[in-house]
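S.K.: return atomic coordinates for the entry below.
(one chain, ligands or ions: 2)
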Amino acid sequence: MDPAIQVTGLTKSFGTHTVLDGLDLTVERGEIFALLGPNGAGKTTAITVLTTLVRPDAGQVVVAGHDVRRDPDAVKARIALTGQSAAVDEALNARENIAMFGRLSGLGARRSRERADELLARFGLSDAARRRVATFSGGMRRRLDLALSFVVQPQILFLDEPTTGLDTRSRRDVWDTITSLASAGTTVFLTTQYLEEADQLADRIAVLDGGRIVALGTADELKARSGGETVELRAQAGDLIDAVPTDGTVAGLRLALDRFDARGLEGVVSLRRPTLDDVFLDLTERTSPVGRDARRDVLVPDAEVAR
Ligand SMILES: Nc1ncnc2c1ncn2[C@@H]1O[C@H](COP(=O)(O)OP(=O)(O)OP(=O)(O)O)[C@@H](O)[C@H]1O
Ligand SMILES: [Mg+2]
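M.R.: Ligands and ions are numbered 1, 2, ... in the order given. Next up, the predicted model:
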């Protein structure tokens, strides 16, 4: 079966600034694929090209079996993109907005109203169903935006930072919705700043930096690149005093404790497994001011990841 998304050598510049520099990636059908990158890495640019809103300068981008340059209408008919706020009518209430979107998407009037009620419930907006959108908070608007992109189940759903600005509860609701869509066969391509989100949701994660993918794999594969566990010594208040990479064996732990002793350090000891944060910071150090430099003094050199 053809992949859902196939990108080869995608280049996109704004003026002299090359944002995407020969991007290659493949997203399989039914997969949840997360694109991670620091601010300004080009995540939104990649999404706008893949959703036909912006033309690539070079390279081939095939989405749902159609080339975004040659056949943008065929691509558009098979995808949905969040950030539909332009489509939200401030003067209408939430239910009317979703129902109207359903009609525009080809659903009948009755089905559109039913779908509106389902989605309002799913996104925690039932109580606000009959309130004008003009009175909504930022988080409520965000949820309404998301609800609109779920009106018709697309082949591929693009979500640019779907849970930014949402509280923990709403974030979990969105995650559940994304997971259930994916298990019903929709391919999901999302960008996120939250490593936890990629960790929870994504089948595979790509880290975008310098206009290219610098790492790709499952969350576990990426974590494995950041080495093993770390023995941490913290003050009672939680501040990190020292950290020693370890192989997790009794002998390894003893070495770490000896090092704390040798330095006369006191505190609370714990063992920390690598997280996606470690991977992310290691990989994106060039563009992250609080990247590896901030951590260098707590890591011994041989724990550094081979790039
Ligand atoms: N229309 C445009 N004209 C000029 N420069 C642009 C344009 N769109 C994006 N850029 C630049 O391209 C770079 C990548 O931007 P983009 O919005 O794709 O990053 P991002 O990874 O989505 O960042 P964020 O995490 O902040 O959302 C930035 O330096 C941005 O200033
Ligand atoms: Mg962005």
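S.K.: all contacts plus neighbour counts: C-alpha atoms, from now on.
M.R.: Fine.
S.K.: now do the same contact list for whichever residue of the stretch 101-250 of the chain sits closest to ligand 1.
M.R.: Going by CA to the nearest ligand atom, ligand 1 is nearest to Gln193 of the stretch 101-250 of the chain, at 6.7 Å. Residues near Gln193 by CA atoms under 8 Å, 6 or more residues apart in numbering: 36-38, 161.
S.K.: can you do 7 Å?
M.R.: With contacts defined as CA atoms under 7 Å, 6 or more residues apart in numbering, Gln193 is in contact with 36, 161.
S.K.: any idea how far Leu276 is from it?
M.R.: 11 Å (CA to CA, to the nearest Å).
S.K.: got it, and Leu25?
M.R.: 20 Å.
S.K.: and these two? Which one has more around it.
M.R.: Leu276 (21 against 15; other CA atoms under 10 Å).
S.K.: quick one: the more buried one and Lys223 touch, right?
M.R.: Yes. If you go by CA atoms under 7 Å, Leu276 and Lys223 touch, sitting 5.9 Å apart.
S.K.: near ligand 1, which residues of the chain?
M.R.: 14, 19, 37-45 (CA under 6 Å from any ligand atom).
S.K.: and the buried ones among the residues you listed, selectable in PyMOL?
M.R.: The PyMOL command for the buried members of the residues of the chain next to ligand 1 (criterion: 16 or more other CA atoms under 10 Å) is given here:
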select buried, resi 19+37+38+41+42+43+44+45
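S.K.: let's have the residues of the chain next to ligand 1 in JSON lines, adding secondary structure, pLDDT and distance to Arg142.
M.R.: Output for those, formatted as JSON lines (DSSP: H, G, I helix; E, B strand; the rest coil; pLDDT from 0 to 100; distance: CA to CA, whole Å):
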{"residue": "Phe14", "secondary structure": "strand", "pLDDT": "95", "distance to Arg142": "28"}
{"residue": "Val19", "secondary structure": "strand", "pLDDT": "97", "distance to Arg142": "27"}
{"residue": "Gly37", "secondary structure": "coil", "pLDDT": "88", "distance to Arg142": "21"}
{"residue": "Pro38", "secondary structure": "coil", "pLDDT": "85", "distance to Arg142": "22"}
{"residue": "Asn39", "secondary structure": "coil", "pLDDT": "87", "distance to Arg142": "20"}
{"residue": "Gly40", "secondary structure": "coil", "pLDDT": "89", "distance to Arg142": "21"}
{"residue": "Ala41", "secondary structure": "coil", "pLDDT": "91", "distance to Arg142": "23"}
{"residue": "Gly42", "secondary structure": "coil", "pLDDT": "94", "distance to Arg142": "22"}
{"residue": "Lys43", "secondary structure": "helix", "pLDDT": "93", "distance to Arg142": "19"}
{"residue": "Thr44", "secondary structure": "helix", "pLDDT": "92", "distance to Arg142": "17"}
{"residue": "Thr45", "secondary structure": "helix", "pLDDT": "94", "distance to Arg142": "20"}
